[in-house]
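[1] Got a predicted structure plus its sequence, pasted below:
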Amino acid sequence: MRMIVVKKLASDFREATDIIEVAVPRPGPKEILVKNRYAGINASDVNYTAGRYDPTKKPPFPAGFEGLGEVAAVGPDSNYNVGEFVLYCNFGAFADYTVVDESIAIPVPSTDPAYLSFMVSGLTASIALEKEADLRSGKVVLVTAAAGGTGQFAVQLAKLAGCHVIGTCSSDEKIAFLKSIGCDRAVNYRKESLDEVLSKEYPKGIDVVYESVGNEMFDTALKNLALFGRVIVIGLIANYEGQEVKQGNTFYDIQERRSVSIPITLLSKSASVRGFFLDHYSADYLRHISSLTKLYKAGKLKAFSDTGVRAPNGPFIGLDKVADAVEYMYSRKNVGKVVVELGKEDVKRGL
């Protein structure tokens, strides 16, 4: 089989990785072998290639951590059956096959890529808003990068809670998309000043910010918080690429640019900034996947996947297209969750 490995630490995914051929692994007693049909692309894929998740880890090591596929083989003590479909978050997802401990596999009805978008993107929005946002009907919620993989869910879940939702994006095409999923006010930050929109149209401030961009976007959100407002930081994508990488690199090495005093702003508004890292909430995964699935099946939640059909180097089919998919996401052209289809490559290679 083929798999993508990190050959050197770098925040440039293409530079950091290579595709190699290895033997198909065998599952252990309580493990399953998954034939991957789709792999998810995440902003943190470059944090992983840069060594920021585990500074002690040295290349080479497998890349990718989000997959959807069919059980191809099971260990002797496994409770799964060959042919079942599963979703998982596990290192080594950018591969034809991945061995997964059955305890972290989540059964799903099919290989509909919508389920893949629930894993990292959907769970982040669902759990973060439940645990940290204190959502109530009538609150004003700002979602940055709202047309992206996780932003799309934050918008819809906030609307389902009865909130007024503002979403930021980078094009008029995405403006239309955000309106279609319920945004009350969509802001193309390349045409409008977000600071001016918020200060003029929302003089009482923003109650909850679902923030994934960082830098100026974070500062603008912080500046326009309401009394008792909350900023939930789920990422800072503007800082992931182009940062110097060295052995032992960590998230603390990421350099930020600040134009607003965080302590003074929080103090003056009795506000708060709350960090959210999905791995810390694994006990909540199954419950929230179940909730997202029910909403999706009931037609109350839409899940958009972007396979690069409109990308110059798309569509994203096969492991050779993973680097293209990562770069496409960082170009801010995607609408919805960026995914790579692996099933067609299997057919071509006769696997």
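    On my side now, so go ahead.
[2] The stretch 151-300 of the chain: helices as residue ranges?
    Along the stretch 151-300 of the chain, counting by DSSP state H, counting those that start in this stretch, helices occupy 151-160, 172-180, 194-201, 215-223, 262-269, 285-297.
[3] next one: the stretch 1-150 of the chain
    With DSSP H, counting those that start in this stretch as the criterion, the stretch 1-150 of the chain has helices at 13-16, 45-49, 113-117, 123-128.
[4] which strands and helices sit next to the first one?
    Right, the one you point to is helix 13-16. Secondary-structure packing of helix 13-16 (3 or more CB pairs under 8 Å, 6 or more residues apart in numbering; DSSP states H and E): helix 45-49, helix 322-330. (C-beta placed from N, C-alpha, C; glycine too.)
[5] So which residues make contact with that helix?
    Contacts with helix 13-16, where a contact means CB atoms under 8 Å, 6 or more residues apart in numbering, come from 6-10, 45-46, 49-50, 322-323, 326-327.
[6] From those, list the buried ones, please.
    Those of those that meet the buried threshold are Val6, Lys7, Leu9, Ala10, Asp45, Val46, Thr49, Ala50, Val322, Ala323, Val326, Glu327, by 16 or more other CB atoms under 10 Å.
[7] Quick check: buried residues in stretch 216-229?
    Buried-residue list, stretch 216-229, by 16+ other CB under 10 Å: Glu216, Met217, Phe218, Asp219, Thr220, Ala221, Leu222, Lys223, Asn224, Leu225, Ala226, Gly229.
[8] circling back to that earlier point, looking at the helices of the stretch 151-300 of the chain, which is buried most?
    Among the helices of the stretch 151-300 of the chain, helix 151-160 has the highest mean neighbour count (mean count of other CB atoms under 10 Å), at a mean of 26.
[9] Dump it to CSV, restricted to CA.
    This file holds the C-alpha atoms of helix 151-160, laid out as CSV (Å, rounded to 0.1, in the frame of the first residue of the first chain):
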residue,chain,number,x,y,z
GLY,A,151,-17.1,27.4,10.6
GLN,A,152,-20.1,26.0,8.7
PHE,A,153,-21.1,23.9,11.7
ALA,A,154,-20.6,26.7,14.2
VAL,A,155,-22.9,29.0,12.2
GLN,A,156,-25.7,26.4,11.9
LEU,A,157,-25.5,25.2,15.5
ALA,A,158,-25.6,28.8,16.8
LYS,A,159,-28.7,29.4,14.6
LEU,A,160,-30.3,26.3,16.0
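[10] circling back to that earlier point, could I get the buried ones among the contacts of helix 13-16 in a markdown table, plus columns for distance to Tyr80 and pLDDT?
    Output for these, formatted as a markdown table (distance: CB to CB, whole Å; pLDDT from 0 to 100):
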| residue | distance to Tyr80 | pLDDT |
| --- | --- | --- |
| Val6 | 29 | 97 |
| Lys7 | 32 | 97 |
| Leu9 | 35 | 93 |
| Ala10 | 36 | 92 |
| Asp45 | 27 | 94 |
| Val46 | 32 | 92 |
| Thr49 | 30 | 92 |
| Ala50 | 34 | 90 |
| Val322 | 26 | 98 |
| Ala323 | 31 | 97 |
| Val326 | 30 | 97 |
| Glu327 | 35 | 96 |
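[11] what's the closest of those residues to Ala63?
    Within the buried ones among the contacts of helix 13-16, the smallest distance to Ala63 is 5.3 Å, found for Val6 (CB to CB).
[12] Quickly list what that closest one is bridged to.
    Counting by DSSP bridges, Val6 forms beta bridges with Thr17, Phe61.
[13] And it, how close does it get to Met329?
    According to CB to CB, to the nearest Å, Val6 and Met329 sit 18 Å apart.
[14] about what we covered before: out of the helices of the stretch 151-300 of the chain, which is closest to Tyr80?
    Among the helices of the stretch 151-300 of the chain, helix 285-297 comes nearest to Tyr80, with 14.9 Å by CB to CB.
[15] Can you list the helices and strands that that closest one packs against?
    Short answer (3+ CB pairs under 8 Å, 6+ apart): helix 285-297 packs on strand 106-108, helix 123-128.
[16] Would you single out the least confident of those?
    If you rank the helices and strands packed on helix 285-297 by mean pLDDT, strand 106-108 sits at the bottom with a mean of 94.
[17] Give me the sheet partners of it and which way each runs.
    Counting by DSSP bridges, the strands paired with strand 106-108 are strand 85-88 (antiparallel).
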